[in-house]
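Novice: predicted coordinates and the sequence they were generated for:
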Amino acid sequence: MTYDHKKVALISGGSSGIGRALVVEFLNQGYQVVSVDKTPFEQKDQLKPTILKNLICEIADLSNASIITNLIQELIAKLKKVDVLINNAADDFRHGFTTISLEEWDRRIRNNLSHYFIMTQKVGEIMAKQGHGSIINISSICAYQSTSAYPAYSTSKSAIIGLTRAAAREFGEQNVRVNAIMPGWILTKKQQQLWVTPKSLTRQIELQCLKRSLEPNDLIGPCNFLSSDASAAITGQCLSVDGGATGTNP
């Protein structure tokens, strides 16, 4: 089966949270969507059959370079093209700076950064041959903040900005655009279950100009913009989607 008649979007971490919201959005737009994640797609039965037929779910260990490389090559061979790539998957597991082992550090970097490089490299190559494409890397405002409790995550999110700018320069001559989005604290189910407390949420909203919690759907508009012709002259940029939490505080 080939999908040349449709636009194709490839999204990592698409089974839940921000990724799931983006998968559903691009399906509703008529894209052929491939979700690559370590877990099954949440609430798949809630999608309309008319759009569900355009969803491919691949379960893979995103920290394993060989697995991801082989999977992306197989997908490209089958799909023939990719119009939009959204590198989104990440794990903000809490850990201490002085207690994390080197092995665990390496695994976190592979999971949160290395697969961004692999997917950008492989998909960027096919986009360059097409002569068009948009790559969106999900970073975080923690790249610009002094944070504690997840140094591997913060390091990865900072490096994603450098990766974005390097790739934008690398693929620009082939009309492939590469941009980053830096979300603030997005209240996914995981965040609510593991990290959110009334005190921490109140503090976060105090930091924001917009006095409300941020939801996964708040990433839909920015991703639509950066994947569309409306942003045809925009590349190598980092867009904060944080309710005004950064850059506005004294």
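Specialist: That came through fine. Residues are numbered from 1 along each chain as shown.

Novice: tell me which stretches of the chain form strands.
Specialist: Applying DSSP state E to the chain gives strands spanning 8-12, 32-37, 55-59, 84-87, 133-138, 176-183, 238-241.

Novice: can you redo those strands as a markdown table with mean pLDDT and mean neighbour count?
Specialist: Heads up, the C-betas are built off the backbone N, CA and C, glycines and all. What follows is the strands of the chain, written out as a markdown table (pLDDT from 0 to 100; neighbours: other CB atoms under 10 Å):
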| stretch | mean pLDDT | mean neighbour count |
| --- | --- | --- |
| strand 8-12 | 98 | 27 |
| strand 32-37 | 96 | 26 |
| strand 55-59 | 95 | 16 |
| strand 84-87 | 98 | 28 |
| strand 133-138 | 98 | 26 |
| strand 176-183 | 98 | 25 |
| strand 238-241 | 96 | 18 |
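
Novice: okay if I get the ones you listed as a markdown table plus distance to Gln193?
Specialist: Below are those laid out as a markdown table (distance: least, CB to CB, whole Å):
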| stretch | distance to Gln193 |
| --- | --- |
| strand 8-12 | 21 |
| strand 32-37 | 18 |
| strand 55-59 | 21 |
| strand 84-87 | 24 |
| strand 133-138 | 20 |
| strand 176-183 | 18 |
| strand 238-241 | 22 |
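
Novice: of those strands, which is nearest Pro151?
Specialist: Of all the strands of the chain, strand 176-183 sits nearest to Pro151, with 17.6 Å by CB to CB.

Novice: next, the nearest residue to Arg165 once chain neighbours are set aside: phi, psi?
Specialist: In space, and not counting its chain neighbours, Arg165 is closest to Gly236: 4.9 Å by CB to CB, 6 or more residues apart in numbering. In terms of degrees, to the nearest 10, the main-chain angles of Gly236 are phi 70, psi 20.

Novice: what helices and strands are in contact with the worst-scoring helix or strand of the chain on mean pLDDT?
Specialist: When the helices and strands of the chain are scored by mean pLDDT, DSSP states H and E, helix 189-194 comes last with a mean of 80. In this structure, helix 189-194 packs against no helix or strand, with contacts taken as 3 or more CB pairs under 8 Å, 6 or more residues apart in numbering; DSSP states H and E.

Novice: switch to 10 Å and redo it
Specialist: In this structure, helix 189-194 packs against helix 17-28, helix 198-207, with contacts taken as 3 or more CB pairs under 10 Å, 6 or more residues apart in numbering; DSSP states H and E.

Novice: so which of those helices gets nearest Ile100?
Specialist: Closest among those, using CB to CB: helix 198-207, at 22.0 Å.

Novice: what's that closest one in contact with?
Specialist: 184-185, 187, 191-192, 195-197, 211-214, 242-246, 248-249 (CB atoms under 10 Å, 6 or more residues apart in numbering).

Novice: before we move on, the earlier item: quickly compare the helices and strands packed on helix 189-194 and say which is most buried.
Specialist: helix 17-28 (a mean of 23; mean count of other CB atoms under 10 Å).
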